[in-house]
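**Student:** Generate coordinates for the sequence data below:
(chains A, B and C)
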Amino acid sequence: MILLATDFGLAGPYVGQLHLVLGRLVPEVPVIDLQHDLPAFRPDLASPLLAAHLDWAQPGDVVLAVVDPGVGTDRRPLALRLDGIWLVGPDNGLFEAALRRARSIESYEIVWRPERLSASFHGRDLFAPVAARLARGDRSGLAPAEPTRFRDWPDDLPRIVQVDAYGNAWTGLRAAHLPAGSRLRAAGRTLERARTFGDVPPGTAFWYENSSGFAEIAVSGGSAAETLGLRPGDPVEIVVGDC
Amino acid sequence: MILLATDFGLAGPYVGQLHLVLGRLVPEVPVIDLQHDLPAFRPDLASPLLAAHLDWAQPGDVVLAVVDPGVGTDRRPLALRLDGIWLVGPDNGLFEAALRRARSIESYEIVWRPERLSASFHGRDLFAPVAARLARGDRSGLAPAEPTRFRDWPDDLPRIVQVDAYGNAWTGLRAAHLPAGSRLRAAGRTLERARTFGDVPPGTAFWYENSSGFAEIAVSGGSAAETLGLRPGDPVEIVVGDC
Amino acid sequence: MILLATDFGLAGPYVGQLHLVLGRLVPEVPVIDLQHDLPAFRPDLASPLLAAHLDWAQPGDVVLAVVDPGVGTDRRPLALRLDGIWLVGPDNGLFEAALRRARSIESYEIVWRPERLSASFHGRDLFAPVAARLARGDRSGLAPAEPTRFRDWPDDLPRIVQVDAYGNAWTGLRAAHLPAGSRLRAAGRTLERARTFGDVPPGTAFWYENSSGFAEIAVSGGSAAETLGLRPGDPVEIVVGDC
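**Tutor:** Numbering: from 1, shown residues only, chains lettered A, B, ... in the order given. So this is what the prediction gives:
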C-alpha cells in the first residue's frame, strides 16, 4: 500500500494530482489518504503525528509524507526504510520522531530527478514517482546518505500538534509516557485526566489518552479548540502533584 | 460495497485510519465515503440523513455509520440487516429512521471485541472489522438483540439537519410528505417553494425538494445558512394556508 | 480513468453519491477526485482551472466536470471529445478555455435522460451515467451539437480564480504568457515575482509560477488570501515597467 500524509489540505488540486500520478504509475497499488491536514509549514509538529501513523503501517508499505516549507530550495529529498516501511519526503525533521523509534534504519537521498520538476510541488513531481517505484520494489535513483538529525527536539512534544474536526486538541505527548496523576496545563487552564468523553459532564474540559496514544485536550460534547482558544503550536505544561 | 457515513470530519486521521483498516481486511471490497460530516454528537439529526442514504444502497452492501457521542460507555454496538442491507454502528437512535422504513429487519448486538479497543474510536477498532467480516458474509461475533427504539421521535424531523458546502440548509422533512402549498418558516422568515435554483431570482431565499427528497432551504446563487443564520438543530415550521 | 472536477464541496453527500453511482456502473474504472472546490456558481473562474487539469489527462480519460448554477433549467448537457479526452458537463462556459486550446474537437449534446432526474443534481443523475458509458466506449445517447462559445472571455483571466488550503491565491493568468519583468497588482499591492517560497523572507507577499503554470499570489510561510484579503473573483492587474 501507499499511504499519504501531507499538509496539502483538501482545497485545491494537490491531493487529486497526487492520486492521478500514482494511479497512472501503479494502478495495482492501493493508495490510502491517512491525512492531508498535517500542520502546514511545521515539520516539528507533524513529526510525532507521522510517527504515530507508522503504528498502522506494515513492512512493504510506502509512506509518502510531505510537510515541506523548503520545497524548491536545497533541502534534500529522502527515502528511508524504517523497520521495513519506506518513507519518502523532505529532509527537514518530518521523520525525526520516526527515526528515533525505529529498530532498523536504511537511509537514502533521492538523486533521481524527473524531466518536469516544478519549484513548489515535489510531492507530485518527485516524491510520488519514487514512492510508486518503491511500492514495486524498484530502488533505483537512491544513493546512501544520512538524514539530518534534530537531536535537540524532545521525545514527547509539549505542544498542541493538531486540532481535529471535533475541535479536540492533540498534544505531542504520548499518554503512556506521562507520570501517573499528571494534569495538563494549557491556555491558562489546568485539566484533569478522564478515560473518555462519556465519563465527564457535557461541557467539561479534560484530557485523555486518544486513539493514537496521545494526550488529547477535549471538551465533552463541544470543541476544546474553540472553548479554550487552542491552536497548533501552543505550549502545554505537565503538572504533577499539587499546584 | 462498504459505505461509510460518519461525523468524523475530514480533519485529522480518522477517515484515513478507517480506510486503512478496511483496506487491509477486505482489499477486494470497494469502500465509498458517503459523507463524513453527519451532524456531530447528534444521532437525532443524523438519523433521517442516514435513512435517505439507504435509497442508494443495495442488498449485500454494508453501511458503517458512526455518530457516537457515547463511545466508550455502555451503549451497545449494533449490526442490523434491513431489507438485505447491513448497518453497523452504535445503538443510540442513529438507525431509528431506517428501522421505521424497513420492511424486513434482523437485529444483533456485536458481542465480539478486538484485542485492542480504544476508548474513543470504535469506528476503527470495532465497527470496521465487523463491517469487513459482514462484507465477506461472515456473521460471527453477533448475538440476536433488539435495538433501542426512539418512538417519540417524529417520522419527519422539523429541524435543520445539515448545511452543505453551498450553504444550503437541509431539513429533516421529506418534501413528498408536506401538504400541497406548504411554506416553511425558519429563522423568522417564511419561504415559498420553488422547483430549483434557476427558477428564482439571484439572492432569493426559497425551499425546494432536493436531490435526496428532503425539503431544503436555499438561496439562489448564495448561502442560505449565512443569509438566514441557520445551523443544524434549528427548528423549522410548516405553514399551510394564509398566515 | 474517470476524473472528477466539481464545485460540490466536501460537505454533504454529493461527492459520495457520485462515487457510488460510478462504482456501481463501472467498478473496473478508477475514479480520481481532481478537486471538488472549483469556484461555486462561477463557470468563468472554473474554466481556466479545468483547462489546466487537462494537462494531466490522457486520451481515453473521461473528465466529469460540474459547476452548474443553471442546473434544472434549459441549459444543455454536453459531451465533448478534446484531443481524445472526453469531457462531460453543462454548456455554460465551463469548457471554454479547454475548447480554445484543443487541437481536435468533437462535440455532442447529451440527449439521453435517466428515469429519475432530480432538478438539482445532474452530476449524479445524468452526467455520471454518461461518463460511465463513455469510459466503456459507449457513445449512445449523444447527438452532434455545437457548444455555446464565450468568445468575449480573455485567454488569460486577470482575476483570482481559487484560494488553496495554504491560502495561496491562484490567478487565471498563465505565467508563461506574462511579459518578462511583470509585476502583479492585487488588493492595492504591487507584487514582485519570485521563483518559490524559500527564495523570499517569511511573511513576504510575492507572485510565482505555480505547479499548474498559473501566476499565483503567495506569502512565504503564511496565507496570501488572509494577509491581502483576496477572494475568488477579485481583479488582478499586470504591471510592466516602472509604476
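**Student:** tell me which element the closest residue to chain B within chain A is part of?
**Tutor:** Residue nearest to chain B within chain A (C-beta to the nearest C-beta): A:Ala165, separated by 2.0 Å. The way it works is simple: take the backbone N, C-alpha and C, and place the C-beta from them, glycine included. For A:Ala165, there is no host helix or strand (DSSP states H and E).
**Student:** Now do the closest residue to it other than its chain neighbours against A:Leu80, distance only.
**Tutor:** The shortest distance from A:Ala165 to any non-neighbouring residue, by C-beta to C-beta, 6 or more residues apart in numbering or on different chains, is to B:Gly9 (2.0 Å). Applying C-beta to C-beta, to the nearest Å, the value for B:Gly9 to A:Leu80 is 30 Å.
**Student:** Do you have the strands of chain A handy? List them.
**Tutor:** A:2-6, A:31-35, A:62-66, A:77-82, A:85-90, A:105-110, A:142-144, A:157-163, A:169-174, A:183-186, A:189-191, A:205-209, A:214-219, A:237-239 (DSSP state E).
**Student:** Could you dump these into a markdown table with mean pLDDT added?
**Tutor:** Output for those, formatted as a markdown table (pLDDT from 0 to 100):
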| stretch | mean pLDDT |
| --- | --- |
| strand A:2-6 | 98 |
| strand A:31-35 | 98 |
| strand A:62-66 | 98 |
| strand A:77-82 | 98 |
| strand A:85-90 | 98 |
| strand A:105-110 | 98 |
| strand A:142-144 | 98 |
| strand A:157-163 | 98 |
| strand A:169-174 | 98 |
| strand A:183-186 | 97 |
| strand A:189-191 | 97 |
| strand A:205-209 | 97 |
| strand A:214-219 | 97 |
| strand A:237-239 | 97 |
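**Student:** Including mean neighbour count, could these go into CSV?
**Tutor:** Converted to CSV, these look like this (neighbours: other C-beta atoms under 10 Å in any protein chain shown):
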stretch, mean neighbour count
strand A:2-6, 26
strand A:31-35, 23
strand A:62-66, 27
strand A:77-82, 22
strand A:85-90, 26
strand A:105-110, 18
strand A:142-144, 13
strand A:157-163, 23
strand A:169-174, 26
strand A:183-186, 20
strand A:189-191, 17
strand A:205-209, 23
strand A:214-219, 26
strand A:237-239, 14
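**Student:** Please convert the ones you listed to TSV, extending it with distance to B:Trp207.
**Tutor:** As requested, the strands of chain A are exported to TSV (distance: least, C-beta to C-beta, whole Å):
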stretch	distance to B:Trp207
strand A:2-6	40
strand A:31-35	35
strand A:62-66	44
strand A:77-82	53
strand A:85-90	49
strand A:105-110	55
strand A:142-144	60
strand A:157-163	34
strand A:169-174	38
strand A:183-186	44
strand A:189-191	43
strand A:205-209	39
strand A:214-219	34
strand A:237-239	51
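**Student:** Output the residue of chain A whose distance to chain C is smallest.
**Tutor:** For chain A, C-beta to the nearest C-beta, closest residue to chain C: A:Gly9, 2.0 Å.
**Student:** can you list the weak-confidence ranges in chain A?
**Tutor:** A:242-243 (pLDDT under 70).
**Student:** Could you list the contact residues of it toward chain B?
**Tutor:** Residues of chain A found near chain B (C-beta under 8 Å from any C-beta of the partner chain) are A:1, A:3, A:10, A:30, A:32-35, A:37, A:49, A:53, A:56, A:58, A:162-166, A:168, A:170, A:195-199, A:208-212, A:221.
**Student:** Please name the residues that touch the spatially closest residue to A:Arg231 that is not a sequence neighbour.
**Tutor:** Excluding the flanking residues, the one nearest A:Arg231 by C-beta to C-beta, 6+ apart is A:Ile160, at 6.5 Å. Applying C-beta atoms under 8 Å, 6 or more residues apart in numbering or on different chains to A:Ile160 gives the contacts A:169-171, A:186, A:217, A:230-234, A:236.
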